[in-house]
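> next comes the sequence, and after it the predicted model I'd like to discuss.
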Amino acid sequence: MDLEDSLYITGYHVVGAGNADEAIAVLSARTDIGLVVTDIHMPGSMDGPGLLRTTRDRWPPIRVMIASSQTRFEPGQVPEDVPVFGKPFPYASINAKARQLQEAD
């Protein structure tokens, strides 16, 4: 919730999802999502890397960032171009990277 609040205060419209299935439902229903921030471990039918792959396959323009207590991954689990932020979350860095990704479009 703190990360959502930080992005909201920075000026982003934040749509929360409790798991990857909910996130995919949101992405399927909306056309105004430009960034997904996910954890690695999530409840539901898929984890963060699965959500990342699904997002890239179905909605290539949408950027993805990972914010998680886990920052070491199996080879190939997280693509090198995906920003990863560990806890404690550096909110200013996350907000700056979100803005940078948005401006790159």
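Looks like it arrived, so ask away.
> excluding chain neighbours, what is closest to residue 10?
Nearest residue to residue 10 in three dimensions, chain neighbours excluded: residue 95, at 4.5 Å (CB to CB, 6 or more residues apart in numbering). Every C-beta, even on glycine, is put in place using the N, C-alpha and C of the backbone.
> now for that neighbour: which residues touch it?
Residue 95 makes contact with 6, 7, 10 under the criterion CB atoms under 8 Å, 6 or more residues apart in numbering.
> can you put those residues in TSV and add distance to residue 33 and neighbour count?
Shown next, in TSV, are these (distance: CB to CB, whole Å; neighbours: other CB atoms under 10 Å):
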residue	distance to residue 33	neighbour count
6	18	17
7	13	18
10	16	15
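> closest to residue 61 out of those residues?
Nearest to residue 61 among the contacts of residue 95: residue 7, at 18.7 Å, using CB to CB.
> in which helix or strand would I find the closest one?
helix 2-10 (DSSP states H and E).
> equivalent analysis for residue 53, please.
With DSSP H and E as the test, residue 53 turns up in helix 48-58.
> using CSV, write out every CA atom in that helix.
Written as CSV, here are the backbone C-alpha positions of helix 48-58 (Å, rounded to 0.1, in the frame of the first residue of the first chain):
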residue,chain,number,x,y,z
GLY,A,48,5.2,-12.0,-10.8
PRO,A,49,7.4,-13.4,-13.6
GLY,A,50,4.3,-15.0,-15.1
LEU,A,51,2.4,-11.7,-15.0
LEU,A,52,5.4,-10.0,-16.6
ARG,A,53,5.5,-12.5,-19.5
THR,A,54,1.7,-12.3,-20.0
THR,A,55,1.8,-8.5,-19.9
ARG,A,56,4.6,-8.4,-22.5
ASP,A,57,2.9,-11.0,-24.7
ARG,A,58,-0.6,-9.5,-24.7
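> show residues contacting that helix.
Helix 48-58 has contacts (CB under 8 Å, 6+ apart) with 20, 23-24, 27, 36, 38-42, 46, 62, 64, 66, 68, 73, 77-79, 82.
> select the longest strand from the chain.
Longest strand of the chain, by residue count under DSSP state E: strand 63-68.
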